[in-house]
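S.K.: whatever this is, show me its structure:
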Amino acid sequence: MDDLRLLRINYLRGPNIWTYRPALEVWLDLGSLEDRPSNTIAGFNDRLVALLPGLEEHHCGVGERGGFLQRLASGTMAGHILEHVIIELLNLGGMPTGFGQTRSTSRRGVYRMVFRARDERVARIALAEGHRLLSAVLRGEEFEVADSIEAVRDEVDRSYLDPSTACIVAAATERQIPHIRLNAGSLVQFGYGARQHRIWTSETGHTSAIAQEITRDEVLTRSLLATCGVPVPKTTVVRSADEAWEAAQEIGLPVIVKPTESSTARGMLLDLSTEDAVRAAYASIAAQDAEAIVERSIPGTEHRLLVVGGKVVAAARGDGWWVTGDGRSNVQDLVDLQINAELRRRDRGGMSSARIHCATDRTVLLDLKRQGLAPDSVPVAGSRVLIQRIGANATDCTDDVHPEVARIVALAVRVVGIDIAGVDVVARDIARPLRDQEGAILRVNAGPGLLMHLTPALGSPRPVGERIVEHLFPSGDDGRIPIFGVAGSRDTGHIVRLIAWLMHLGGLHVGLACRAGLCLDRRKADAGDGTRWESARRLLMNHLVEAAIFETPASSILRDGLPYDRCEVGVVHDLDGHERLAEFDVVERDQMFKVMRTQVDAVLARGAAVLNAADPRIVDMAELCDGEVVLYGLDERNPAIVAHRTLSRRAVFARGRSIVCATGAGETVLADLLEGVHGHAREVARGDGARASADEATLAGVAAAWARGLEHDVIVTGVATFRSDLDPFSQLMADDRTAAGTAKGT
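M.R.: Got it, this is the predicted structure:
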């Protein structure tokens, strides 16, 4: 329907007025549909449910299964219906979500519809497909819903992290450790600022370039391992068929011939026992590689042991892939039916999940040839055909690993010098020491795939993501730095600069994002508006930042959401500024409560909300805070402050020209601090109102720093040396000795 128009689409990347998580906000104009709820459109409800029967599972506001269908029957508006259509498409497309809301605006027929989606591109495609589907149903037209589901699913596949990275992200999320995806692939940052760690697939920032290069050179790796007594197979690099056969005789038959760059079973030719087989194997590899490796064939089965932080945390036995003939299908058809059909083997990269294509895999072709078969051969019904010998069909054997095997594998990883590794071990029985059975370590792999441990064909999945997160962030560490968010429109620049100065004097490398720009570790990085999401996010990605302070106007919350998931201290200074927010349909001051409460909602349980006691509506936000509440205000007789203190809670207020930090009845008086902090001529000339406003902002900054645990003597020094008339960044970039000298004089 042309009536249902999408006016504006806005992706909210952080906590916002709707939800803690990223969401897509859509402004809709229903046009004539404003007067046509669902129960007035002939046949509409039946057509919609026929296309999307899963809508029956949506609880909606009713709170029970079938709730949305009840709303359809009683009559609901097109914006609300579109919300549920999109949610169902996301569920069917593989990115489940259950959150959505649709609310009217001050303009008749215009609604704001929002739904949760962790990827913007997926969200936009789901919106476009949902809009097409709903329009078709309204018109009574045919619609191929399968095509829409596939469009969403394709984008989900493109945007999803690979399984290894995804399991680590899920484990970090469970621990409430924040993460930032740094590229379209699998480079992910866990934690913020100076507390961060980065991973790429399962490789961490602790892996050096040297160690990674060692793992890529199999001959060098084995040489280093052998010097430490680690059992490895005899190996020789050859450059001709003659050298290959000579090496095979010296090493001892049977042998393996494989490419020098191979890190998997691809291209590996096994159990070669004759001169003709060795020469043919070399010729096969020489067609693509100048060199080949000849190594002793170790009896037994290949196992993959995962080592994290020096400990074996999972092990899988690489049983071969076999198919069983039915007397009708050829080998490739059997592979497609019995192996490739498994959902976990979709083409997403990596040996354990890539489909097998017999005609193009020379290792598979050779094994088939040994069995007298080809990809188009039709095996006898009931006969078993070996397709791939190594690795893909994993069986968990973690509990069977012998302690001596675990010790020697951990030693191998330490020799190479990486913290997370997949070690390939050949053994007849992993429950026995390797030397008792001629077992050996074949490879040490950096950035190992985790899928075989997450979804083994047999045996129990292992919590390898949790083990990696525990390695990076031991118990109790969530990778967070102190984050201060200051919401408001009046003197918030003063507040964030004072907090930054106090935390700087407290010994931390500070990042500051405010309207005047961006300061990264005492360097002015950007003179543009630092309250924009993209600019502010840079603080959290900087390795040097130990504390981050954000100025958060209402427009930033409405446009982008907060640039962080949670904060340690959230300040709400005022509810002013609604006059400048008409584009967000904020037209009266009372609406500012919902906007600014976002700052309080984001406070951690161990943190504090710092609230201006002069505004009763701001004081009402106290009940929304998961953590402590600290009130501040110029008047110590303020009823909210008095009541707060009777509960033995903290408050900051002015007494004459002194600042008082009170916990219940106990007080610490920071004498005469308000006397000199605003003493420059320009501000004094503005009169008592300006001074009072600046004093109130100073109290907010002091309360925020005290809530974070800054000592009173540091606060005294900081306030005494703070200059509100300086350029926003010049004070942070000044020599510390200036502050120290001023404080001593004071």
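S.K.: the strands in the stretch 301-450 of the chain, which residues?
M.R.: For the stretch 301-450 of the chain, strands defined by DSSP state E, counting those that start in this stretch occupy the ranges 301-308, 311-324, 384-396, 420-427, 440-446.
S.K.: likewise the stretch 501-650 of the chain?
M.R.: According to DSSP E, counting those that start in this stretch, the strands that the stretch 501-650 of the chain contains are 510-514, 517-520, 523-526, 547-552, 567-572, 603-612, 628-633, 650-655.
S.K.: quick revisit: mind telling me which of the strands of the stretch 301-450 of the chain the model trusts least?
M.R.: Among the strands of the stretch 301-450 of the chain, strand 384-396 carries the lowest mean pLDDT, a mean of 75.
S.K.: and the strands of the stretch 301-450 of the chain: which comes nearest residue 276?
M.R.: strand 384-396 (20.7 Å; Cβ to Cβ). To be clear about C-beta, it is placed using only N, CA and C from the backbone, and glycine gets the same treatment.
S.K.: can you list the strands of the stretch 301-450 of the chain in a markdown table and add distance to residue 372?
M.R.: Converted to a markdown table, the strands of the stretch 301-450 of the chain look like this (distance: least, Cβ to Cβ, whole Å):
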| stretch | distance to residue 372 |
| --- | --- |
| strand 301-308 | 24 |
| strand 311-324 | 15 |
| strand 384-396 | 10 |
| strand 420-427 | 27 |
| strand 440-446 | 29 |
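S.K.: so which of these comes closest to residue 281?
M.R.: Using Cβ to Cβ, the strands of the stretch 301-450 of the chain put strand 384-396 closest to residue 281, at 14.5 Å.
S.K.: so of the strands of the stretch 501-650 of the chain, which one's packed in deepest?
M.R.: Mean neighbour count (mean count of other Cβ atoms under 10 Å) peaks for strand 510-514 among those, with a mean of 30.
S.K.: partners of it, with directions?
M.R.: Strand 510-514 sits in its sheet next to strand 517-520 (antiparallel), strand 547-552 (parallel), going by DSSP bridges.
S.K.: rebuild those as TSV, extending it with distance to residue 575.
M.R.: Output for these, formatted as TSV (distance: least, Cβ to Cβ, whole Å):
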stretch	distance to residue 575
strand 517-520	26
strand 547-552	13
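S.K.: comparing these, which yields the minimum mean pLDDT?
M.R.: strand 517-520 - the lowest mean pLDDT of the strands paired with strand 510-514, at a mean of 90.
S.K.: how many residues are close by residue 366?
M.R.: 17 (other Cβ atoms under 10 Å).
S.K.: show the model's pLDDT score for the residue lying closest to it once chain neighbours are set aside.
M.R.: The shortest distance from residue 366 to any non-neighbouring residue, by Cβ to Cβ, 6 or more residues apart in numbering, is to residue 269 (5.9 Å). The score at residue 269 is 70. That number is its pLDDT.
S.K.: surely residue 269 meets residue 279?
M.R.: No. The pair residue 269 / residue 279 is not scored as a contact, 11.3 Å apart, by Cβ atoms under 8 Å.
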